[in-house]
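> here are the coordinates; sequence isn't available:
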C-alpha cells in the first residue's frame, strides 16, 4: 500500500511504483482531492492512459449523482462512501479479483495454474489470445500452445515452425506442434487424440480454442475435436479469429495492459512469413481491435472470449462467492 496526497503524486506513483512495489493491483482515489467533477474525470482518465490494466475505486464523503457521473466518465470501477471502511475493503477486494481474473481461475488455490491454448495453424493463438497468454505467463501461469499443423498451406513448414517457436518465446509460453494437413483437418479420431495427448501432458485448468462461429474449416474442426478431448477439463473458452463470423458472441473479456498488447504484436511479428502479406495482421488493425473490445470491460484494451463450459463445483473458485 502507498498513500499519496495529490493528483500529481497519484499519477507519479502510477507511472513509477515506489520500492518495494512492483505493480499495482488496484488504486483508490479520494474525490475530495479533485477540485470538481471535471478534475475527477480528468485524473481518472490520465490514470487509465498510463495504467490501463489497473482499476480505480473512487471514495467520497457523500457520493452524489454528479460525482457518480464524473466517476463513470472516468471509468472508475466503483464509487464508495469514504466512511464505509468495511464496504470499501470489500469493493477493493472484489474489483481487484475481477480485473485480475475474469475467468475466475487464478483464485483456485493451486500452486501453479495451467492453460492450454489450441490453434489450427501457426499464428492463430497469437492473434486470438496473445495478450492473454502474455498476461497469464507473467502472472506465474504455466501456458502451453498446441498448434495442430505446420502451416504448409501458407508457406514453408520448416520456416513457420521456427517462427512459431520464436513467437511462443516472446509470450513466455511452451509450444507443442502436431503435423495435421493444413486446409483439410477433420474433427475425427486423429485430431481428438492429438488434443488429448496435450491435455494429458499439460493437465490444464482452462483450455482456449477457436470458436465454432468461424468460416475456416480447419478452425471449426479443431474446435469440435477440442470439445470432445476436453470434456473433463474444468473450463473451456473460445477466442476470436480474423475469420470469426458475426455469430461469435463473447461473454468474457480479459483486460490487457500496454505491455500485453505490445507482446502480442511482437509475437505476431515473429511470424515474418505471414505478417507482411496478411491484411488482418496489420498492427493498427490488431491494436484497434483490442481497443474496441476494451469498451466492454471499461478498460483500454481487452481480448474477447466465449465461455463454453464450466464444470467446476460451486466454491471451487473463490470468485463463486464474490
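Sure, I can see it. Computed from a predicted structure; not experimentally measured. Numbers count the residues shown, from 1 in each chain.

> now for the helix or strand where residue 303 lies, which elements pack on it?
Residue 303 belongs to strand 301-310 when assigned by DSSP states H and E. Identification of packing neighbours for strand 301-310 by 3 or more CB pairs under 8 Å, 6 or more residues apart in numbering; DSSP states H and E yields helix 124-137, strand 235-239, strand 252-256, helix 258-269, helix 283-294. Glycine gets a C-beta too; all of them are placed from N, C-alpha and C.

> Please produce a markdown table containing the ones you listed, extended by distance to residue 192 and mean pLDDT.
Rendered in a markdown table, the data for the helices and strands packed on strand 301-310 read as follows (distance: least, CB to CB, whole Å; pLDDT from 0 to 100):
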| stretch | distance to residue 192 | mean pLDDT |
| --- | --- | --- |
| helix 124-137 | 18 | 94 |
| strand 235-239 | 14 | 95 |
| strand 252-256 | 25 | 91 |
| helix 258-269 | 27 | 89 |
| helix 283-294 | 31 | 91 |
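
> on that earlier part again, which parts of the strand holding residue 303 are buried?
Neighbour-count burial for strand 301-310, with 16 or more other CB atoms under 10 Å as criterion, is recorded at 301, 302, 303, 304, 305, 306, 307, 308.

> ok, that strand: who's next to it in the sheet?
Based on DSSP bridges, the pairing partners of strand 301-310 within the sheet are strand 235-239 (antiparallel), strand 252-256 (antiparallel).

> Show me where the protein has its helices.
7-15, 37-50, 65-73, 85-100, 124-137, 157-171, 189-202, 217-229, 258-269, 272-275, 283-294 (DSSP state H).

> deepest of these, which one?
Among these, judged by mean count of other CB atoms under 10 Å, the one packed with the most neighbours on average is helix 124-137 (a mean of 27).

> other SSEs contacting that helix?
On a contact count with 3+ CB pairs under 8 Å, 6+ apart, helix 124-137 meets strand 114-119, strand 142-147, helix 157-171, strand 206-209, strand 235-239, strand 252-256, helix 258-269, strand 301-310.

> on that earlier part again, to residue 240, which of the helices of the chain lies closest?
Among those, the nearest to residue 240 by CB to CB is helix 124-137 (5.7 Å).

> and that closest one with helix 157-171, angle?
20 degrees (axes from the mean of the first three to the mean of the last three CA atoms, to 10 degrees).

> Report the angle between helix 124-137 and helix 217-229.
With the same axes, to 10 degrees as the criterion, the two stretches helix 124-137 and helix 217-229 enclose an angle of 50 degrees.

> Could you give the number of residues near residue 278?
A total of 15 residues lie near residue 278 under the criterion other CB atoms under 10 Å.
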